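>>> everything below, folded, please.
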Amino acid sequence: IEALAKYVAEKMGGKVSKEKLHDFSWELHISELKFQLKSNVVPIGLIKQGIFYHRALLFKALADKIGIGCSLVRGEYGRAWNEIKLMNETRKGLIGALPPPEVYIVDLMFHPGGLMKLKSKEADLYRYL
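Residues are numbered from 1 along each chain as shown. Below you'll find the predicted structure:
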């Protein structure tokens, strides 16, 4: 998951610091592609400067191709993210059984490859701000 996330981030313009997010010029790049193709439909493989939803879509497509289970979740204001479920074998459930898997969000923007536990403060900031 970490290697795939780093690959996606690199193909979409690299790591972006939160402070520089407003300076990340992805809109002009997408507009140029639409103009060149004379279409509003842009193949994901042509995008070299992508933001949250571009990266999440590419991650989902590649994860599906190589058999990594994940969900693509669309938020508001151009946000999208990928959720994965991982087992935490260090926690034991009732009668020694494994607990249900925990859900994590994959960071594709600020710390590519990082995992944030769903509903954590860090995950909420990634999804909504």
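
>>> neighbours around His111, how many?
A count of neighbours around His111, defined by other C-beta atoms under 10 Å, yields 16. Using the backbone N, CA and C atoms, a C-beta is placed for each residue, glycine as well.

>>> quick one, what contacts it?
Applying C-beta atoms under 8 Å, 6 or more residues apart in numbering to His111 gives the contacts Lys15.

>>> who are the packing partners of the longest helix along the chain?
In the chain, ranked by residue count with DSSP state H as the criterion, the top helix is helix 52-66. With contacts defined as 3 or more C-beta pairs under 8 Å, 6 or more residues apart in numbering; DSSP states H and E, helix 52-66 has these neighbours: helix 2-11, strand 71-74, strand 80-86.

>>> just name the most buried of those.
strand 80-86 (a mean of 19; mean count of other C-beta atoms under 10 Å).

>>> now do that strand: which elements does it pack against?
Using 3+ C-beta pairs under 8 Å, 6+ apart, strand 80-86 is in contact with helix 52-66, strand 71-74, strand 102-106.

>>> redo that, cut-off 10 Å
Under the contact criterion of 3 or more C-beta pairs under 10 Å, 6 or more residues apart in numbering; DSSP states H and E, strand 80-86 touches helix 2-11, helix 52-66, strand 71-74, strand 102-106, strand 115-117, helix 121-128.
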